[in-house]
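Can you look at this prediction? I've put the sequence above it.
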Amino acid sequence: MKKIALFHPWIKSKGGAEKVVLEILKKSKNKIDVYTWVYDKKNTFEEFKKYKINVVAPKFFQKISRKNVMRGLFLLVSLFSKIPLKKYDLFLISTSGVGEFVTFRNRIKGKVGAYVHTPLRAANKKIVKWEIKDKKHVKRFSHLLAVKIYRILEKISWKKLDFVVFNSELSRQRAEESKILKGKKNKIIYPPIDHFANKEGKKENYFLYVSRINSPKRQLELLRAWEKFIKNHPGYKLILVGSGENKKYFTKVKEFSEKLEGVHLRSHLKKKELVKLYSNCLAGLFLGYQEDFGMVPLEIISYGKPLIAVDEGGYVNVIGDFHKIKEKHNSEEMVEEIEKGLKSFINSKKKIKTENKIKDKNFIKEIDEFLNEIK
């Protein structure tokens, strides 16, 4: 058994990255101590309360952690965040970009690694192009400058990593495209998925979309498509489940949903409530833009429910056939494709049975075996 310091930059929502950290904390045979810059007890998983979460940043930073434009200040925090690594055998960083900056001040020579949910999405070439498409000249320039600066810091911090675990082939591909992997010991270990085979309940006439409510998840595009769809298909309902880290976007989604027929927005659900919604839905939706893995699609199919999702993302390689929505990088075209996808599903005589191709479901076993190989 090894003693491991696990750093995750912010534990502040009920997202996939937090699920991974919680799974390691609950089930690893190694002794795990968690460190973070931000811990928001109210908005993340309740199970974290059972463990000691060591916060290594001033409380002030909890307030700005939800503002993307301010997250650059966490570079400064990383320079002053000292973790007592002398008492640990390994230092493992859980990161979606930015988290690896903690290595500027904290290292155990030869024994620093990362579980990479994704190299920073906002710095990916395809996503950068998507992010700046509607920005004016000054904002576009500042966005591109920020990405350029981040790329320099990313290369410096990745040089301090000795081993890397990726959550999908797509995440590793993005690291290779950024030329930051460079022969490091690495492996793909798919994140833990709740498996609920044969838990299908009664079929009610609602579609379910569970995800963080922010622009890359495209809830607004879904609502615009729903507005068109429901005019010719009355009687159906749409349930959106998710919390709003981006308050401006959440407000837009909330206000728009209240104007539409059959749309319900739910937040901060207990697990029993979510299980019931999954069990009784007509089908599950997933519209994340260039999602590096995507736990939600696998959770949908684990309930034996049809999946209606975009045809690009890390999950595509690990599931069988599904009801596909053609990915479009233009918002207007995406709205049309979502509406087509909903219509196609309703009119389809045969509902596609989707399979999970991940054979080894023991996430913790793989993680522990990999970590124990580090000498």
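Looks like it arrived, so ask away.

ok, which stretches of the stretch 1-150 of the chain are strands?
3-7, 10-11, 31-36, 38-39, 53-55, 90-95, 112-116 (DSSP state E, counting those that start in this stretch).

Include distance to Lys328, mean neighbour count and mean pLDDT when you put the ones you listed into CSV, please.
From N, CA and C alone the C-beta is placed, and that goes for glycine too. Output for the strands of the stretch 1-150 of the chain, formatted as CSV (distance: least, Cβ to Cβ, whole Å; neighbours: other Cβ atoms under 10 Å; pLDDT from 0 to 100):
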stretch, distance to Lys328, mean neighbour count, mean pLDDT
strand 3-7, 37, 21, 97
strand 10-11, 31, 24, 90
strand 31-36, 36, 20, 96
strand 38-39, 34, 20, 90
strand 53-55, 40, 16, 94
strand 90-95, 29, 24, 96
strand 112-116, 27, 24, 96
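
Stretch 261-274: which residues count as buried?
262-263, 265, 269, 274 (16 or more other Cβ atoms under 10 Å).

and this structure, what are its domains?
3-192+361-372, 206-347 (automatic domain parsing).

so which of those domains gets nearest Thr354?
Between Thr354 and the domains of the chain, the tightest spacing by Cβ to Cβ is seen for domain 206-347, at 4.3 Å.

if we can go back for a sec, out of the buried residues of stretch 261-274, list just those in helices.
Leu274 (DSSP state H).

Quick check: strands, which of the buried residues of stretch 261-274 are part of them?
Of the buried residues of stretch 261-274, the ones assigned to strands by DSSP state E are 263, 265.

Quick one: end-to-end length of stretch 207-216, please.
One end of stretch 207-216 sits 19 Å from the other (Cα to Cα, to the nearest Å).

Could I get the average pLDDT for that stretch?
What stretch 207-216 shows for mean pLDDT is 93.

cool, stretch 352-369 as well?
Here the average pLDDT along stretch 352-369 is 77.

Can I get that stretch as CSV, trimmed to CA atoms?
Provided in CSV are the C-alpha atoms of stretch 352-369 (Å, rounded to 0.1, in the frame of the first residue of the first chain):
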residue,chain,number,x,y,z
ILE,A,352,-31.3,0.9,-31.6
LYS,A,353,-29.9,-1.3,-28.8
THR,A,354,-26.7,0.3,-27.7
GLU,A,355,-23.9,-1.7,-26.1
ASN,A,356,-21.1,-0.7,-23.7
LYS,A,357,-17.8,-2.0,-25.2
ILE,A,358,-15.8,-1.4,-22.0
LYS,A,359,-15.1,-5.0,-20.9
ASP,A,360,-13.1,-4.4,-17.7
LYS,A,361,-15.4,-2.3,-15.5
ASN,A,362,-12.9,-2.4,-12.6
PHE,A,363,-11.6,1.2,-12.7
ILE,A,364,-10.0,1.0,-9.2
LYS,A,365,-8.2,-2.3,-9.9
GLU,A,366,-6.6,-0.8,-13.1
ILE,A,367,-5.7,2.5,-11.3
ASP,A,368,-4.1,0.8,-8.3
GLU,A,369,-2.2,-1.7,-10.5
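
Distance from that stretch to the middle of the chain?
Computed by Cα atoms, centre = their mean, to the nearest Å, the chain-centroid distance of stretch 352-369 equals 17 Å.

Contacts for it, please.
Stretch 352-369 is touched from outside by 23-24, 27-30, 115, 165, 189-193, 195, 298, 301-302, 306-307, 317-323, with contacts defined as Cβ atoms under 8 Å, 6 or more residues apart in numbering.

Buried residues, that stretch. List them.
Neighbour-count burial for stretch 352-369, with 16+ other Cβ under 10 Å as criterion, is recorded at 354, 356, 358, 363-364, 366-368.

taking those one by one, which sit in helices?
Members of the buried residues of stretch 352-369 lying in helices (criterion: DSSP H): 363-364, 366-368.

Could you save the strands of the stretch 1-150 of the chain as CSV and add columns showing distance to Ser211?
Formatted as CSV, the strands of the stretch 1-150 of the chain follow (distance: least, Cβ to Cβ, whole Å):
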stretch, distance to Ser211
strand 3-7, 25
strand 10-11, 18
strand 31-36, 22
strand 38-39, 21
strand 53-55, 24
strand 90-95, 20
strand 112-116, 20
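
So which of those is nearest Ser178?
So among the strands of the stretch 1-150 of the chain, strand 112-116 is nearest, using Cβ to Cβ, at 11.3 Å.

The closest one pairs with which strands, and in what direction?
strand 90-95 (parallel), strand 163-166 (parallel) (DSSP bridges).

angle of that strand against strand 3-7?
Put simply, strand 112-116 runs at 50 degrees to strand 3-7, going by axes from the mean of the first three to the mean of the last three Cα atoms, to 10 degrees.

Touching strand 112-116 from outside, list them.
Taking Cβ under 8 Å, 6+ apart as the rule, strand 112-116 contacts 20, 90-96, 99-100, 103, 160-167, 171, 175, 189, 367, 371, 374.

ok so, going back, looking at the strands paired with strand 112-116, spot the one closest to Glu255.
strand 90-95 (33.8 Å).

List of residues touching that closest one?
Contacts for strand 90-95 (Cβ under 8 Å, 6+ apart): 2-9, 17, 20-21, 83, 85, 99-100, 102-103, 106-108, 111-117, 161, 371, 374.
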